[in-house]
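*Asks:* generate a structure from the sequence data that follows.
(chains A and B)
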Amino acid sequence: MTELNTKQYISVRLGNDLYAIEIKYIENIIVMQNITRVPKAQSYFLGVINLRGEVIPVMSLKGRLGLDKDEFTSTTRIIIVKPERSAAPVGIIVDEVNEVIDLGDDDVDMLNYDDKDVKASFSLGIGKLGNDLINILDVPELIGKDG
Amino acid sequence: MDVSQYLEIFIEEAKEHLQNLNEHILVLEKDPENIDTINEIFRAAHSLKGMAGTMGYKKMQQLTHDMENVFSEIRNGKMKASSELVDVVFKGLDALESYLANIQTDGTEGDQDCEDIINSLTKILNEGLGISVIDNEAGKTGSGDQTVKAASQTDAGEKFRTLKIEEHEKKAIAKAISLNLNVVGLTIYIQEYCVLKGARAFMINRTLEEHGEIIKLDPSAQDLEDEKYDFDYSAFVITKKTPEELKSYVMSVSEVKDVVAGYIQLSESELSNYLTAIKQEEMGEAAPKTASDSSSLKVGSAAPAKQPVKPIANRSVRVDIEKLDVLMNLVSELIIAKNSLVSSSSSLHSQLDAGFYDQIEYLERVTTNLHESVMKVRMVPIENVVNRFPRMIRDLSKSLNKQMELYMTGEDTELDRTVIDEIGDPLMHLLRNSADHGLESSEERIRQGKNPVGAIYLDAYQDGNNVVIEVRDDGAGINIDKIKKKAIERGTISEEQASRMTDKDFIDLLFLPSFSTSETVTDVSGRGVGLDVVKTKIEALGGDIEAKAIMGKGSNFIIRLPLTLAIIQALMVNISTEKYALPLGNIQTVENIKTKEIKKVSGKEVLNLRGDVIPIVRLGEILECPKGEETDELLIVVMKKGERYAGMVVDELIGQQEIVIKSIGKYIKNHKIISGATILGNGEVALILDVNSLI
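*Replies:* Alright, predicted model coming up:
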């Protein structure tokens, strides 16, 4: 059903939970920037930033997942992702970026279809990393659909 | 190397010729005796035929050839441009256009045949002449050219004899002679009307290379390909053929006016010099330098080839639009860099001397001018889009069986190339709308005492920072009651809402998705995907559309487009703690108003400003900014959109600035009040307010 191969992810922390973003989506990781608010935008879009002359929208991952409000600390990072190779980039705010991890397909429990109707999780599956469980984020879903 | 590198030029120029033909044939239909028009048509058709032939597009060549025959007879006064004839010719042009479209997509003509069109052309030709058709090879080598050929057969035409022959070429000549081969010099004259000179020279050289080896070209092969020659060039060929044979091969290439050919010989002494040199080289020894540099050639007169006089014609270059985009982006970057320099210099103003500010100001002037120049380069007259409309209206007139005429003004109004590329479809849609729904049938018009021929107007003009395009007609106008009935029927609005709506509100309903009032769906329009698509497209271009109509008198659609999409002058303002940019082009005045002067009329705030009552927009509330303190005085920026005004309440003015518009992407919803973002001197992002959606 699925081919057995290993994918690379970046593990990030939101509050006490771990999430993983597949590395192929990631363009860049930057420190927190001045964000310009965009009126009437979706609540989880905090605004836009200037990344080397490009204006890039930034979303709060916590806001998107319906978690607590962000608290910006020195570890807060903006991960610049592209849902597709040719698509425009989007920034995602996380509390902390941990490390690059390798997860094989057998390390990941794919969510079956029934679980997926909990759309708010934006999860592709749960990965096992040692004793920790890590939530693998569905990046195109996260960005693409306007909730 | 092959002809494909000329494909782009071919497509561009073929389009121009086709457009030219379309326009002139329309004129011809109205004024069949106009000899200038006929000549122009003939010329365009002939160039097109030549170009298609050069590129090896046989079907296009065949069809244009047959059309050209017909034009030729009209030109000779043997036939009249009847309406049927024009119809067939237009069909032919359509076929040519579809060939061209095919070429553009995959490089081939496609396999569509146009036998029927060719047949009808031949039929018209036969009927028109009343005799069996004469194979009219017009243009290839007309009788006029024959005399030219005879005249230039003299030594005067043998330009190749004046060429300076280089050392190594002499050597090659000597070697060829020793091998009993002919060395032939040729001077080739190309027809002055030849459009693809580079390709033509390439064809000729390829022909020559089939029969021998080209050892010298003057101008060089590269220059020939780049069309850096007048209408003649010379070549030396080592061949087994005679000059006469070569000449006939070259003459068989079309658009060659004349060829002069002759043997090239070296003087006896030189010949033997080179022959010994060659022999020595063959024996592995370096050739001793002879005094041949100074020795004369039998053919080589000392006079250097005379500097060709460059035609002072059109000194323009075709530039890929992508290169212009890159240039525009660089200018944008430069302006951002300049803005940051300005802002950092103003923060340390005490330490810097006056000279520095002069330089900054100078830099500002230069970047502004640079931006304007680049913008101008990107500007294209709207003519490129609208010139196909007269033809379209003619076709519509036939297919709808209504008499109508299109009047256009301001075709020379210029717009950014990206806008031009996008504006064609919306305009076409509006024109079709006018033709189909707007104008009444001729009988109906006569009954109402109107001119039986309906009029559609397309006017373009510049208005401040905008370009306005109006599509008007003198038809029935917009039936408000019909819209009302339909809107209520469909549940778009309630009866109660309808009673409170103005005529203008009803007309605006037309721009809602799938709202077509036409009772019958025709081929032309009325499928309900109409005005909303037009509106979306125009808004995507940063523009705006509005409609006006007078019942029984006609309707008017007004499109307003920004002059440029990339860089604008803006007024930077503070609203609460946030910075926003307001496009300067829309700003009328800035007023200081006492809060108590603002009155409420039916729940809306308005201001009586020198006799005009204008609505007040509290930007802070709309933009959901953190609330500031209420003050006695308000700062109001009066903005204008078309004929409508509104006063925007802001907290503080920062100043005028040149800003680069950047998109905020499609992920963020912003209800259209934000048209984009810009990067300020300090690296912060400020949002640009879209005035069109606020007023």
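*Asks:* okay, now residue 40: neighbour count?
*Replies:* This is for chain A. A:Lys40 is flanked by 14 other residues according to other C-beta atoms under 10 Å in any protein chain shown. From N, CA and C alone the C-beta is placed, and that goes for glycine too.
*Asks:* hm, I was asking about chain B
*Replies:* Considering only other C-beta under 10 Å, B:Glu40 is surrounded by 18 other residues.
*Asks:* give me the element it is part of.
*Replies:* If you go by DSSP states H and E, B:Glu40 is part of helix B:35-55.
*Asks:* remind me what that helix packs against, helices and strands.
*Replies:* Counting contacts by 3 or more C-beta pairs under 8 Å, 6 or more residues apart in numbering or on different chains; DSSP states H and E, helix B:35-55 packs against helix B:7-30, helix B:58-75, helix B:197-211.
*Asks:* of all the ones you listed, which lies closest to chain A?
*Replies:* helix B:7-30 (25.1 Å; C-beta to the nearest C-beta).
*Asks:* quick one: average pLDDT of the closest one?
*Replies:* Per-residue pLDDT over helix B:7-30 has a mean of 81.
*Asks:* whichever helix in chain B runs longest packs against which elements?
*Replies:* Ranked by number of residues, the top helix in chain B under DSSP state H is helix B:321-347. Applying 3+ C-beta pairs under 8 Å, 6+ apart, one finds that helix B:321-347 contacts helix B:354-378, strand B:567-575, strand B:652-660.
*Asks:* who touches the second one?
*Replies:* The reference is to strand B:567-575. With C-beta atoms under 8 Å, 6 or more residues apart in numbering or on different chains as the test, strand B:567-575 has contacts from B:331-332, B:335, B:371, B:375, B:465, B:562, B:579-585, B:587, B:619-620, B:623, B:625, B:637, B:650-661, B:678, B:680, B:686, B:688.
*Asks:* ok, 6 Å please
*Replies:* The contact list for strand B:567-575 (C-beta atoms under 6 Å, 6 or more residues apart in numbering or on different chains) reads B:371, B:580-584, B:587, B:619-620, B:625, B:650-660.
*Asks:* check the last one too.
*Replies:* Strand B:652-660 has contacts (C-beta under 6 Å, 6+ apart) with B:332, B:335-336, B:567, B:569-574, B:581, B:678.
*Asks:* 7 Å instead, please
*Replies:* Residues from elsewhere that reach strand B:652-660 (C-beta atoms under 7 Å, 6 or more residues apart in numbering or on different chains): B:332, B:335-336, B:339, B:368, B:566-574, B:579, B:581, B:584, B:590, B:635, B:678-679.
*Asks:* phi, psi of residue 95?
*Replies:* In the absence of a named chain, chain A is used. Main-chain dihedrals, A:Asp95, degrees, to the nearest 10: phi -70, psi -30.
*Asks:* was after chain B, sorry
*Replies:* Taking degrees, to the nearest 10, you get phi -60, psi -40 for the backbone angles of B:Ala95.
*Asks:* how is chain B divided into domains?
*Replies:* B:3-139, B:144-293, B:321-380, B:382-562, B:567-694 (automatic domain parsing).
*Asks:* can you give me the strands in chain A?
*Replies:* Taking DSSP state E as the test, the strands found in chain A are A:6-14, A:17-22, A:26-31, A:45-51, A:54-60, A:77-81, A:90-94, A:96-104, A:108-110, A:123-129, A:132-137.
*Asks:* give the pairing partners of the first one; include direction for each.
*Replies:* What that stands for is strand A:6-14. Applying DSSP bridges to the sheet, strand A:6-14 is found paired with strand A:17-22 (antiparallel), strand A:96-104 (antiparallel).
*Asks:* tell me which of these lies nearest to B:Glu13.
*Replies:* Smallest distance to B:Glu13 across the strands paired with strand A:6-14 (C-beta to C-beta): 49.9 Å, for strand A:17-22.
*Asks:* please report how far A:Lys82 lies from B:Gln112.
*Replies:* 42 Å (C-beta to C-beta, to the nearest Å).
*Asks:* do A:Pro39 as well
*Replies:* Look at A:Pro39 and B:Gln112: by C-beta to C-beta, they are 54 Å apart.
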